[in-house]
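Chemist: sharing a model that was predicted from the sequence below.
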Amino acid sequence: MKRDKLNTVKSTGFKTPKNYFDSFDERLLEQLNKKETIEGIKTPGYQVPTDYFNSFEDKLFEKIKNDQKPVISLRSRKTFYYVAGIAASLMLALAVFLNKNNSPSLTVEMVETYLENSDLDSYELAELLSDADLLEEDFIITETDYNEGYLENYLIENVDLESILK
């Protein structure tokens, strides 16, 4: 219905007899007070067998006990443990044998180039060396023949003679 017509509805479509609600209470109380209606019902319409409530629990437990069947697992636990053990051993073997990352070993030349190229002064270098456990075997002088000409060229090119003479 449209909004215009909602306020102008004249009848709801429900009809009751005249004076129905005026005399309804009286008629209801008359029906409730009549003894004939209650006495007229001699049997309730259903009957409970004798000793039904006394023996019901026993019968129910008998049915429940008989219905329980042993549960048999479809998967055996032994096979699960075997499969899990094999999988773990395969993973361990793969991790050990396939993970051979050959990292380059640290050589003396690499350490020397690092120390030459880094901006470490003598104090910082001394701190690094004091923390390490130094052995005499680490400072073995290799026996090589040094040519005096090579040493002179090295000193001339790399050493500042003025700073030494001061």
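Modeler: Yep, that arrived. Keep in mind that what you see is a predicted model, and the values were worked out from it rather than measured.
Chemist: and the next helix or strand past the strand or helix carrying residue 96?
Modeler: Assigned by DSSP states H and E, residue 96 belongs to helix 77-98. As assigned by DSSP H and E, the chain's next helix or strand after helix 77-98 is helix 108-117.
Chemist: gap between that following helix and the chain center?
Modeler: For helix 108-117, the separation from the chain centroid amounts to 48 Å (computed by C-alpha atoms, centre = their mean, to the nearest Å).
Chemist: try stretch 77-87
Modeler: With C-alpha atoms, centre = their mean, you get 24 Å for stretch 77-87.
Chemist: repeat that for stretch 157-166.
Modeler: 68 Å.
Chemist: can I get that stretch in PDB, CA atoms only?
Modeler: Taking Å, rounded to 0.1, in the frame of the first residue of the first chain, the C-alpha atoms of stretch 157-166 are listed here in PDB:
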ATOM      1  CA  GLU A 157     109.000   4.200  -3.100                       C
ATOM      2  CA  ASN A 158     107.000   3.500   0.100                       C
ATOM      3  CA  VAL A 159     108.800   5.100   3.000                       C
ATOM      4  CA  ASP A 160     108.800   8.800   3.700                       C
ATOM      5  CA  LEU A 161     112.400   9.400   4.600                       C
ATOM      6  CA  GLU A 162     111.700  12.900   5.900                       C
ATOM      7  CA  SER A 163     109.400  11.500   8.600                       C
ATOM      8  CA  ILE A 164     112.000   9.000   9.700                       C
ATOM      9  CA  LEU A 165     114.800  11.600   9.900                       C
ATOM     10  CA  LYS A 166     112.800  14.000  12.000                       C
END
